[in-house]
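**Q** Sequence and predicted structure below; questions after.
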Amino acid sequence: MNCSLICYWSNCFQRLAIKIFAAVSVLGVMRLLFVFSCLVCVQIDANAQPATSNKATAESGNGKRDEAAVSSSVAGQLVLVVGAAGTEEFGAAFEAWGERWREVAEQSDFEFVPIGFEGKSDEGSDRELLRSTLTAGTKNQSTPLWVVLIGHGTYARDVAKFNLRGPDVSGAELAKWMEGTKRPIVIINCASASGPFVNRLSGPQRVVVTATRSGIEQNYARFGAFLSEAIGSQESDLDHDGEVSIHEAFLRASAGVRRFYESEDRIVTEHAILDDNGDGKGTPATMFRGVRPNAKAKNGVALDGAAALRITVTPSGGRLPFTAVELKQRKEIEDQIDALRGRAGELDQKELDAVLLPLMLRLSRLYQEVQTRVPTREN
């Protein structure tokens, strides 16, 4: 029996239990765990015998299966933009934050695109480099695009801008450069006065995080420091799935900011928000209990948090080699789980068990298939 496989199946159940826990009783979770464990053993034993023949079949040249198993070596693209520092002190801080993001990009197998981070470029202004990067021909990929802005911001005449080295950039300009992009996008503005970027950049398949909730919070924002630490720390992994989502990092970083102002006995001058439902409003970390919002949706609009929970990095390395098709299948299953969580009050325990267990098994089998493509470490 493959012990690592059992661990992956168990982790899948644990992840699902956390996702659905608010809607399922403790007894219901224990019942599902018992049934699930039995099915795992049966499934693994059933798969153990044909494993050798499957390997032989694959080695004999099963082209279709090989083609389906191919996944990109790049899990996404991370564009790191470090703006004008103003002073040496800020410059050193921004460089340290950026270095943490670089490490996360490397560990997560991202394509790393630095702008304003490695000295002056000969290819034009930072603004022009950012524009050309965002308008390049990568608009329809399934892998996410991360845009991380580290620096200072300004707000005047109802326009918020991020301070680049040279001409600045506004949220409206970024939105224009991203028009037509269908791939998932994460936009993180760690600067002061960054709140209006949520209004300008919010939309489908977008996660927008800002260090402040409005343009009038113009003092130096420390959120970027805490976020750069949280995104690369396994301690941010609240659902224990081996990955850190932007949502999990946002929650931990926001908690770090609150503790800083409390310990210094200062008035809080920054309130980070997250938007991923396209309504352009944003939600502070205080509105979440764990990773779930503790408020009800208005007018049927889904609350923030669900999409941000699914876009992840792997700070410990070793991202599982999902194909684009498998990632789409995983998203579809998790969408059904979220929908089921919303209907929990309508279903009794037996009905909930009957619907939830097949979804858990489908997701577990998907992880099992991906796990077969992970190289085995030899002692």
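**A** Received it, and whenever you're ready, just let me know what you need.
**Q** Now do the SS call for residue 191.
**A** coil (DSSP: H, G, I helix; E, B strand; the rest coil).
**Q** residues near it, how many?
**A** Other residues near residue 191 come to 25 when the count uses other CB atoms under 10 Å. Backbone N, C-alpha and C define where each C-beta goes, glycine included.
**Q** who's in contact with it?
**A** Residues near residue 191 by CB atoms under 8 Å, 6 or more residues apart in numbering: 83, 149, 150, 151, 152, 153, 162, 163, 211, 221, 224.
**Q** Can you pick out the ones from those residues that are in helices?
**A** Judged by DSSP state H, the contacts of residue 191 include residue 224 as members of helices.
**Q** Buried only: go through the contacts of residue 191 for me.
**A** 83, 149, 150, 151, 152, 153, 162, 163, 211, 221, 224 (16 or more other CB atoms under 10 Å).
**Q** Can you redo those residues as a markdown table, where the extra columns are pLDDT and distance to residue 123?
**A** Listed next are the buried ones among the contacts of residue 191 as a markdown table, based on pLDDT from 0 to 100; distance: CB to CB, whole Å:
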| residue | pLDDT | distance to residue 123 |
| --- | --- | --- |
| 83 | 97 | 17 |
| 149 | 98 | 19 |
| 150 | 98 | 20 |
| 151 | 97 | 20 |
| 152 | 98 | 23 |
| 153 | 98 | 24 |
| 162 | 98 | 19 |
| 163 | 98 | 20 |
| 211 | 98 | 28 |
| 221 | 97 | 29 |
| 224 | 98 | 25 |
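**Q** and which of the residues you listed is nearest residue 354?
**A** Nearest to residue 354 among the buried ones among the contacts of residue 191: residue 211, at 44.8 Å, using CB to CB.
**Q** so the closest one touches residue 226, yeah?
**A** No: if you go by CB atoms under 8 Å, residue 211 and residue 226 don't touch, sitting 9.7 Å apart.
**Q** ok, back up a step: now tabulate the contacts of residue 191 in TSV and tack on distance to residue 132.
**A** Shown next, in TSV, are these (distance: CB to CB, whole Å):
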residue	distance to residue 132
83	17
149	16
150	20
151	19
152	23
153	22
162	17
163	20
211	26
221	27
224	24
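**Q** Mind checking which of the contacts of residue 191 land in strands?
**A** Judged by DSSP state E, those include 149, 150, 153, 162 as members of strands.
**Q** So of these, which two are at opposite extremes in space?
**A** Largest separation among the ones in strands among the contacts of residue 191 by CB to CB: 150 and 153, giving 10.7 Å.
**Q** neighbouring contacts of stretch 206-215?
**A** For stretch 206-215, using CB under 8 Å, 6+ apart, the contacting residues are 155, 158, 160, 184-198, 201-202, 221, 223-224, 227, 246-247, 250, 270-276, 278, 282, 284, 307-308, 311.
**Q** That concludes my questions; thank you for your assistance.
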